[in-house]
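Visitor: pasting the sequence and the predicted model now:
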Amino acid sequence: EAQVTQNPRYLITVTGKKLTVTCSQNMNHEYMSWYRQDPGLGLRQIYYSMNVEVTDKGDVPEGYKVSRKEKRNFPLILESPSPNQTSLYFCASSEQGDTQYFGPGTRLTVL
Amino acid sequence: RKEVEQDPGPFNVPEGATVAFNCTYSNSASQSFFWYRQDCRKEPKLLMSVYSSGNEDGRFTAQLNRASQYISLLIRDSKLSDSATYLCVVNFQGAQKLVFGQGTRLTINP
């Protein structure tokens, strides 16, 4: 089954404790992206990757890192999480950057 | 001005009604347009792409007006299962990124 998976689905952590949210897709898509969704602000792009070893900043990259060492994986790293990074995070993949397939979301709370 | 703007609603309409949403975008060079549907606490899913000539998929019709820079979504004979948030999405030419509107929340009442 074609899908995008994210882990963990729910995470409660404390300020400053490094964390990684994994994202994996099995559709051989070149384009992958991370978004955060906040009430009243909609979905905002954090980082995107057009292929292996090619990543670029989206609209709200501050406080986040990504890597794309393999085509199928695109982890999101928060080196020192802060409460303003409490949000719902979605990973997405697509063949050419338009029609996106989203993962189920990761609900992150930073205390 | 926001890059993509939608009326957030909420819209509450009776089952069987016809409902329409509009969405405006700021970049006249935008090339690709989409409507996504998002159920509460779930991931967005593609509802339909929007083409210059307009397109229809069952009870759903999407239209694009490039001159006025807006896209629309029409839902006919609405069902309870149409209750969701509808996201307008625009791909800005050369930017390889999608910009999402904040979504319009629709509730269909029995």
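Guide: Sure thing, it's come through. Numbers count the residues shown, from 1 in each chain, chains lettered A, B, ... in the order given.
Visitor: pLDDT weak spots in chain B?
Guide: B:1, B:93-96 (pLDDT under 70).
Visitor: who in it is up against chain A?
Guide: Applying Cβ under 8 Å from any Cβ of the partner chain, one finds that chain B approaches chain A through B:8, B:32, B:34, B:41-46, B:49, B:87, B:91, B:96-103. Any C-beta I mention is one placed from the backbone N, CA and C, and that applies to glycine too.
Visitor: just the buried residues of the residues you listed.
Guide: Buried members of those, counted by 16 or more other Cβ atoms under 10 Å in any protein chain shown: B:32, B:34, B:43-44, B:46, B:49, B:87, B:91, B:97-103.
Visitor: which of the residues you listed fall in strands?
Guide: Among those, the ones falling in strands (DSSP state E) are B:32, B:34, B:46, B:49, B:87, B:91, B:98, B:99, B:100.
Visitor: could I get those residues as JSON lines with distance to residue A:10?
Guide: JSON lines is the format used below for these (distance: Cβ to Cβ, whole Å):
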{"residue": "B:32", "distance to residue A:10": "33"}
{"residue": "B:34", "distance to residue A:10": "28"}
{"residue": "B:46", "distance to residue A:10": "25"}
{"residue": "B:49", "distance to residue A:10": "32"}
{"residue": "B:87", "distance to residue A:10": "23"}
{"residue": "B:91", "distance to residue A:10": "31"}
{"residue": "B:98", "distance to residue A:10": "26"}
{"residue": "B:99", "distance to residue A:10": "28"}
{"residue": "B:100", "distance to residue A:10": "23"}
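Visitor: near chain B, which residues of chain A show up?
Guide: Residues of chain A lying near chain B (Cβ under 8 Å from any Cβ): A:31, A:33, A:35, A:40-45, A:48, A:50, A:58, A:88, A:90, A:97-105.
Visitor: one more time with 6 Å, if that's ok
Guide: A:42, A:43, A:45, A:90, A:97, A:98, A:99, A:102, A:104, A:105 (Cβ under 6 Å from any Cβ of the partner chain).
Visitor: tell me where chain B has strands.
Guide: Counting by DSSP E, the strands of chain B are B:4-6, B:11-14, B:19-25, B:32-38, B:45-50, B:55-57, B:60-65, B:70-75, B:84-91, B:98-100, B:104-109.
Visitor: gap between residue A:23 and residue A:47?
Guide: Distance of residue A:23 to residue A:47, given as Cβ to Cβ, to the nearest Å: 11 Å.
Visitor: please read the previous query as pertaining to residue B:6.
Guide: Distance from residue B:6 to residue A:47, by Cβ to Cβ: 24 Å.
Visitor: repeat that for residue B:14.
Guide: 43 Å.
Visitor: neighbour count winner among those two?
Guide: residue A:47 (23 against 10; other Cβ atoms under 10 Å in any protein chain shown).
Visitor: so the more buried one sits against residue A:58, correct?
Guide: Yes. Between residue A:47 and residue A:58 a contact is recorded at 5.5 Å, counting by Cβ atoms under 6 Å.
Visitor: confidence score at the most centrally placed residue in chain A?
Guide: Nearest residue to the geometric centre of chain A (Cα atoms, centre = their mean): residue A:34, 3.3 Å. Reported pLDDT at residue A:34 in the predicted model: 96.
Visitor: just read off the phi/psi values of the residue nearest to it when sequence neighbours are not counted.
Guide: Closest residue to residue A:34 apart from its sequence neighbours, by Cβ to Cβ, 6 or more residues apart in numbering or on different chains: residue A:46 at 4.3 Å. Backbone torsions for residue A:46, taken as degrees, to the nearest 10, come to phi -100, psi -60.
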